[in-house]
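> okay, sequence plus prediction incoming.
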Amino acid sequence: MSEARDVLSIEDMNVEFPTTSGGVKAVTGLSFSLRAGETLAIVGESGCGKSTAAMSILSLLAMKSPCRVSGRVLFEGHDLMKLSQRQMRAVRGNGISMIFQDPMMALNPVFTIGWQIAEALKLHLRLSPAAARRRAVELLDLVGIPSPSERYDQYPHNLSGGMRQRVMIAMALACEPKVLIADEPTTALDVTIQAQVLALINRLKAEMGMAVLLITHDLGVVWEVADRVAVMYAGRKVEEAAVDDLFAAPAHPYTQGLLKAASWQNDSSGRLPEIGGAVPSPLSMPPGCSFAPRCSRATPQCALAAPPLVGNARQFACYHPEPAVA
Amino acid sequence: MTGFLDLWRRFRRNVAAVVGLFFLLCIVLAALFGPMLYPVDPYDMIGRPSMPPSAEFPLGTDVSGRDILAGLIGGARVSLLIGLIASLGATVIGVTVGAIAGYKGGWFDTVLMRLTDFFLTIPSFVLAVVIIAIFNPSIASVTIAIAVVSWPPVARLARAEFMAQRDREYVQACRALGMSDLEIATRQIMPNALPPVIVVSSLLVATAILTESGLSFLGLTDPDLISWGYMIGVGRTVLRTAWWMPAIPGIAILITVLCINLVGEGMNDALNPRLQQR
């Protein structure tokens, strides 16, 4: 483990939402770390806790719904969980930025896009209005928006979805953060725009040397841009590996199912291979491995206790990994 | 600036609102410049009492022999001023309460909304009378009393708007950029929440003018100031012999309130985001 180069590391994060029928654990014992200049993708289906985990990094959950978050979030050696509201605000947007799924909704409709970028700049960098405007135009140019100084005075509704996502990226990158959390940045965009936005994120990552935490359910996107992948299922990380290793030889049966479903068009049978069953309700999680009820390789052992994460660079949580890796 | 032109273009489509705006401007201009064009002291007894309209006194004289036209112009100042300031005050109180309740939610919301309900359950006119009775009747106490009784609807509206905006993704994005709650509420959400509030508070001006008229009809205003309600109150005793005496200020109130309502409706159409696309 090269401790020094980790910009962000999450240690044993648990997120629990209180409900009338007891606490619901959205994230259980999640740990991962992110090195400078690398892209880590967190994949998993809807509701597996990947967005919840991402929001918890910046303590953005509490406003929307009451929840209990525990564990440690280390950013440049400081535990973000222990920061005051005020200190946390200094990290948000400045050290760690976030872009959201829906660029249609994530810009304020009553202000010009330039004003909104300039606002982000003034917030942390204390720039004068004129300097903020200059820098905002530069940023618009950087994210590939044509004739940026004219676009500066346009409103979000004057722009297409892809353009708006570029504006969001410009806002998030305004203060040159060390870490960019991208929560499904391309889900709302069509495929050609998707490729452009991903290429843009990749280019800026290389130029600014930041780390990217990419939250997605799209394995194609992962293959395209990620260096490492963490697979989440029902609130737990079930596998983590370098992208090439994971796609070449997935160890966890859930990962295998996901990959099979994603590459079914190469399948000669023409049927979409699905993973049988459904995700267990978070209110009644099986005591053992949460994937066991749907798993073809499950044995009585799987129902007793959740398998621990094993391995170092290549981690998985399964008693019966497919290629019998030690 | 283009925003205002846009607004005017949409406002213009409502003919009734434009007519209302025209007459309202006439009334405001009369209140502002009337005393210069018709330099008669409304407090001065200059003629025989209860004279019908004539060449000398265009709208006649009241029971004390004061010029009714001069009173009408002077009263316009008082009525419009109280109406504007009281509704502005009510808007400020209402938006503040509503914004805190809607944005913060939870405990703040519960307490502030119960307080609002408390004010809503008391008949506002009676509450205004009580407030004025506690302080001395003066233009300030009347304005404050009207503001204090008319903020609850604004608070409820502002709360609903803030609640709806609070969970929008742009607010989340602002928070992720490191903005404080105060910045988000005042600089980001406020401009989104304000249009419906502006409509309601423009209608509040009309209500405030009516409330003021009612209060001064009952003699609960500054006795040294002539307002339209006061003129009706003075004229009511001679309603059968000199009907125009209370009728003239009554018509003035009617036209003003009607105009403000028409303008408010027009603002509603112009500011309603759902109608903007058409």
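Here it is on my side, so go on.

> can you give the strand pairings for the one helix or strand residue A:17 maps to, parallel or anti for each?
For residue A:17, the host element (DSSP states H and E) is strand A:6-19. Using DSSP bridges, strand A:6-19 pairs in its sheet with strand A:22-35 (antiparallel), strand A:68-75 (antiparallel).

> please report how far residue B:25 lies from chain A.
28 Å (C-beta to the nearest C-beta, to the nearest Å). For glycine as for every other residue, the C-beta is placed from the backbone atoms N, C-alpha and C.

> near chain B at all, stretch A:141-155?
No. Judged by C-beta under 8 Å from any C-beta of the partner chain, stretch A:141-155 stays clear of chain B, getting no closer than 9.6 Å.

> average model confidence for that stretch?
The average pLDDT within stretch A:141-155 is 88.

> just the buried residues of the strand holding residue A:17, please?
Neighbour counts using 16 or more other C-beta atoms under 10 Å in any protein chain shown place A:6, A:7, A:8, A:9, A:10, A:13, A:14, A:15, A:16 of strand A:6-19 among the buried residues.

> C-alpha coordinates for that strand, PDB please?
Taking C-alpha atoms only, strand A:6-19 is exported to PDB below (Å, rounded to 0.1, in the frame of the first residue of the first chain):
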ATOM      1  CA  ASP A   6      -3.700   8.100  -1.500                       C
ATOM      2  CA  VAL A   7      -5.500  11.400  -1.800                       C
ATOM      3  CA  LEU A   8      -8.800  10.000  -0.500                       C
ATOM      4  CA  SER A   9      -9.400   6.900   1.400                       C
ATOM      5  CA  ILE A  10     -12.600   5.600   2.900                       C
ATOM      6  CA  GLU A  11     -12.300   3.300   5.900                       C
ATOM      7  CA  ASP A  12     -15.100   1.100   7.100                       C
ATOM      8  CA  MET A  13     -17.900   3.500   6.100                       C
ATOM      9  CA  ASN A  14     -21.400   2.600   7.300                       C
ATOM     10  CA  VAL A  15     -24.500   4.600   6.400                       C
ATOM     11  CA  GLU A  16     -27.800   3.800   8.000                       C
ATOM     12  CA  PHE A  17     -31.200   5.400   7.500                       C
ATOM     13  CA  PRO A  18     -33.600   5.100  10.400                       C
ATOM     14  CA  THR A  19     -37.100   4.000   9.300                       C
END
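
> can you tell me the closest non-neighbouring residue to residue B:168?
Excluding the flanking residues, the one nearest residue B:168 by C-beta to C-beta, 6 or more residues apart in numbering or on different chains is residue A:105, at 6.2 Å.

> tell me if the one you found really is in a strand.
No. Using DSSP: H, G, I helix; E, B strand; the rest coil, the secondary structure at residue A:105 is coil, not a strand.

> remind me which helix or strand residue 146 belongs to.
No chain in the question, so chain A it is. Per DSSP H and E, there is no helix or strand for residue A:146.

> oops, chain B please
helix B:139-150.

> averaged pLDDT, that helix. What do you get?
What helix B:139-150 shows for mean pLDDT is 92.

> helices and strands around it, which ones?
Under the contact definition 3 or more C-beta pairs under 8 Å, 6 or more residues apart in numbering or on different chains; DSSP states H and E, helix B:139-150 sits against helix B:68-104, helix B:124-134, helix B:190-217.

> other SSEs contacting whatever helix or strand comes next after that helix?
Next along the chain after helix B:139-150, taking DSSP H and E as the criterion, comes helix B:152-166. Using 3+ C-beta pairs under 8 Å, 6+ apart, the elements in contact with helix B:152-166 are helix B:68-104, helix B:106-121, helix B:190-217.

> CA atoms only: put helix B:152-166 into CSV for me.
Taking Å, rounded to 0.1, in the frame of the first residue of the first chain, the C-alpha atoms of helix B:152-166 are listed here in CSV:
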residue,chain,number,x,y,z
PRO,B,152,-49.2,34.6,7.1
PRO,B,153,-50.3,33.9,3.5
VAL,B,154,-47.0,35.1,2.2
ALA,B,155,-45.2,32.9,4.7
ARG,B,156,-47.1,29.8,3.7
LEU,B,157,-46.4,30.5,0.0
ALA,B,158,-42.7,31.2,0.5
ARG,B,159,-42.4,28.0,2.6
ALA,B,160,-44.0,25.9,-0.1
GLU,B,161,-41.6,27.4,-2.7
PHE,B,162,-38.5,27.0,-0.5
MET,B,163,-39.5,23.4,0.2
ALA,B,164,-39.9,22.6,-3.4
GLN,B,165,-36.7,24.3,-4.4
ARG,B,166,-34.7,22.9,-1.5
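
> any idea of the mean pLDDT for stretch B:198-208?
For stretch B:198-208, mean pLDDT rounds to 88.

> that one close to chain A?
No. Using C-beta under 8 Å from any C-beta, we find that stretch B:198-208 stays clear of chain A, coming within 13.3 Å at best.

> which element is the residue of chain A positioned farthest from its centre on?
The outermost residue of chain A relative to its centre, with distances by C-alpha atoms, centre = their mean, is residue A:130 at 34.3 Å. Element membership for residue A:130 (DSSP H and E) is helix A:129-142.

> which residues does that helix contact?
The contact list for helix A:129-142 (C-beta atoms under 8 Å, 6 or more residues apart in numbering or on different chains) reads A:113-114, A:117-118, A:121-122, A:125, A:127, A:148-149, A:151-152, A:166-167, A:170, A:173-174, A:204.

> give me the subset of those that lies in helices.
The helices, defined by DSSP state H, take in A:113-114, A:117-118, A:121-122, A:125, A:148-149, A:151, A:166-167, A:170, A:173, A:204 from the contacts of helix A:129-142.

> correct me, but residue B:45 touches residue B:66?
Yes. With contact defined as C-beta atoms under 8 Å, residue B:45 counts as touching residue B:66 (5.8 Å).
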